[in-house]
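# quick one, what's the 3D model for this:
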Amino acid sequence: EVQLVESGGGLVQAGGSLRLSCAASGVTLDDYAIGWFRQAPGKERERVSIISRRDGSTYYEDSVKGRFTISSDNAKHTVYLQMNSLKPEDTAVYYCATAPSFIVLLNHGSYGVDYWGKGTLVTVSS
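As a prediction, this is how the structure comes out:
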């Protein structure tokens, strides 16, 4: 059974930093990808960043490019999202998710996800 457990959320002031972690277990595909998504109150879930376990390819949405960094520790089956220069508009529940490949997440976003974590709340105060 695939399980994804996020951690690292919390309350931070604007301009601050947080590092989210996503620990994955039960995933057997060598080519899988992990993505970070977020959902703010009253808004649809949106993709933030994705990483390929296979070759480390990464992708960032324009809204976080240059501020967020996604990385992977394959030995620990853990993916991180380092978030710097946080803004109030980054406030959301952040979810990690798996997909069969980087291309699936890139082309299909949340529609390509096969497993979701339960999320971790990030609140950025102004």
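# quick check: Phe37 touching Tyr94?
Yes. Between Phe37 and Tyr94 a contact is recorded at 7.3 Å, counting by C-beta atoms under 8 Å. The C-beta positions use only the backbone N, C-alpha and C, and glycine is treated the same way.
# what do these two both touch?
The contact sets of Phe37 and Tyr94 overlap at Val48 (C-beta atoms under 8 Å, 6 or more residues apart in numbering).
# tell me which element Cys22 falls in.
strand 18-25 (DSSP states H and E).
# any idea how far the next helix or strand after that strand is from the chain center?
Sequence order places strand 33-39 as the next helix or strand after strand 18-25, per DSSP H and E. Distance of strand 33-39 from its chain centroid, counting by C-alpha atoms, centre = their mean, to the nearest Å, is 4 Å.
# angle of the strand holding Cys22 against strand 33-39?
130 degrees (axes from the mean of the first three to the mean of the last three C-alpha atoms, to 10 degrees).
# next one: strand 18-25 to chain centre, how far?
From the chain centre to the centre of strand 18-25 is a distance of 8 Å (C-alpha atoms, centre = their mean).
# what comes into contact with that strand?
So strand 18-25 is in contact with 2-10, 12, 34, 36, 76-83, 86, 94, 96, 98, 117, 120, 122, going by C-beta under 8 Å, 6+ apart.
# filter those residues down to the buried ones.
Buried members of the contacts of strand 18-25, scored by 16 or more other C-beta atoms under 10 Å, are 4, 6, 8-9, 12, 34, 36, 77-81, 83, 86, 94, 96, 98, 117, 120, 122.
# let me see the contact set for Tyr80.
19-22, 70-73.
# buried ones only from those residues, please, as a ChimeraX command.
Filtering the contacts of Tyr80 down to the buried ones (16+ other C-beta under 10 Å) takes a single ChimeraX command:
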select :20,21,22,70,72
